[in-house]
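> quick one, what's the 3D model for this:
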Amino acid sequence: MDTIKLLTTLDENYLPQLQVLLTSLALNNPGEKFELILLHSGISGAALEGTARRCSAYGWSFSPLLVEDALFEGAPVTKQYPKEMYYRLLAPELLPERHERAIYLDPDTLVINPIRELWETDLHGRLFAAASHTAVSELANGVNQLRLGTEHDYFNSGVLLMDLAAGRREIVPADIFNYVREHRKGLILPDQDVLNAMYGERILPVEDVRWNYDARYYSSYLLRSAGEYDLGWVMQNTSILHFCGKEKPWKPKYIHRFGILYRHYMQLARRETA
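Numbers count the residues shown, from 1 in each chain. Alright, predicted model coming up:
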């Protein structure tokens, strides 16, 4: 089997969450080989040592890539629009050409079942595969379509299967910078909005209940599926849980259903580190 290329972007504050993600990935994908590619803007080598050791222990490759500031000359970069927000969209430009596809994961995700099926998904010529969150109301979907002038569902950018080779041909950094410059007042979730507005027609939809389950909305998923997507179904069929929003399961007083599962993997990650 070929090596699955896993991409993430984060700053040093999210390294503990990356350890939890990697632990869940290893435990639920036995026998798989991964290469972890980390795009960052200045995490120290010492801070990255824990991630390097963990990947080595799993038999995986680890490729931290420092993104040079030169690429962002002329880009709209502010506190609201930091240069890091562009990294996932510019991954085809930033990653070596030997990488032809990658799975992007936000660090606030858990992998609780195998992901090879996502890796091997036929994109049918599209740039990305992504999920829209069906647990969110159709009203929210409609508002985003009106706001961005799109007709497709609003895709979440926290889990993406990327065709990097196609992206090198089609994604032009200057086009992204110009779009942000012209529309910055209307962008709420900047990189996600840009993904939808500029490339939404080039995205292959995949099921969120399997590949990007919004952990806040268990009751909504259950209701919309007429009771089918209960806890047993999720544990057996969902591969990626995504802890979207400001409330995070590693923080005190997290109230949503899958918080205890996240804390279980936190404990397992600590044991591996000890």
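> need the three-state assignment for residue 160.
strand (DSSP: H, G, I helix; E, B strand; the rest coil).
> and the nearest residue to it once chain neighbours are set aside, what pLDDT?
With sequence-adjacent residues excluded and distances taken as C-beta to C-beta, 6 or more residues apart in numbering, residue 160 is closest to residue 104, at 4.2 Å. Using the backbone N, CA and C atoms, a C-beta is placed for each residue, glycine as well. Note on residue 104: pLDDT of 98.
> shouldn't residue 104 be in contact with residue 164?
No - if you go by C-beta atoms under 8 Å, residue 104 and residue 164 don't touch, sitting 10.3 Å apart.
> who touches both of those two?
residue 91 (C-beta atoms under 8 Å, 6 or more residues apart in numbering).
> start and end of stretch 118-130, how far apart?
10 Å (C-alpha to C-alpha, to the nearest Å).
> the residue nearest to residue 160 - how many residues pack around it?
A total of 23 residues lie near residue 104 under the criterion other C-beta atoms under 10 Å.
> next, work out how far apart it and residue 162 are.
Per C-beta to C-beta, to the nearest Å, residue 104 is found 6 Å from residue 162.
> what do those two both touch?
7, 91.
> so residue 84 is in contact with residue 13, correct?
No - using C-beta under 8 Å, residue 84 is not in contact with residue 13; the gap is 11.8 Å.
> and the two? which has more neighbours close in?
residue 84 (16 against 9).
> residues contacting that one?
9, 11, 41.
> in PyMOL, how would I select just the buried ones from those residues?
Here is the PyMOL command that selects the buried residues among the contacts of residue 84 (16 or more other C-beta atoms under 10 Å):
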select buried, resi 9+41
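> just the contacts of residue 84 now: which is nearest residue 27?
residue 9 (23.4 Å; C-beta to C-beta).
> mind showing which ranges of the protein have poor pLDDT?
80-81, 135, 137-146, 148-151, 274 (pLDDT under 70).
> repeat that with 50
Regions of the chain meeting the criterion pLDDT under 50 are absent.
> let me see the ranges of the helices in it.
Ranges of helices within the chain are 15-28, 45-58, 91-94, 116-119, 138-148, 164-170, 173-183, 190-199, 208-211, 218-224, 231-237, 259-273, based on DSSP state H.
> which residue packs closest to residue 112, ignoring adjacent ones?
Nearest to residue 112 is residue 28, by C-beta to C-beta, 6+ apart, at 5.6 Å.
> now do the contacts for that neighbour.
So residue 28 contacts 111, 112, 113, 114, 239 (C-beta under 8 Å, 6+ apart).
> what's the most distant pair in those residues?
That would be 112 and 114, which, of these, are the farthest apart (C-beta to C-beta) at 9.6 Å.
> who has more neighbours, the two?
Per other C-beta under 10 Å, whichever of residue 112 and residue 114 has more neighbours is residue 112, with 22 against 15.
> ok, now how distant is the more buried one from residue 192?
23 Å.
> and for residue 222?
Taking C-beta to C-beta, one finds residue 222 at 26 Å from residue 192.
> who has more neighbours out of those two?
A direct count of neighbours by other C-beta under 10 Å for residue 222 and residue 192 places residue 192 higher, at 20 against 17.
> ok, now which ones touch the spatially closest residue to that one that is not a sequence neighbour?
Using C-beta to C-beta, 6+ apart and skipping residues adjacent in sequence, the residue nearest residue 192 is residue 157, 4.3 Å away. Contacts for residue 157 were tallied using C-beta under 8 Å, 6+ apart; they are 88, 104, 130, 189, 191, 192, 195.
> buried subset of those?
So, by 16+ other C-beta under 10 Å, the buried ones in the contacts of residue 157 are 88, 104, 130, 191, 192, 195.
> circling back: next step: the contacts of residue 28 restricted to strands.
residue 111 (DSSP state E).
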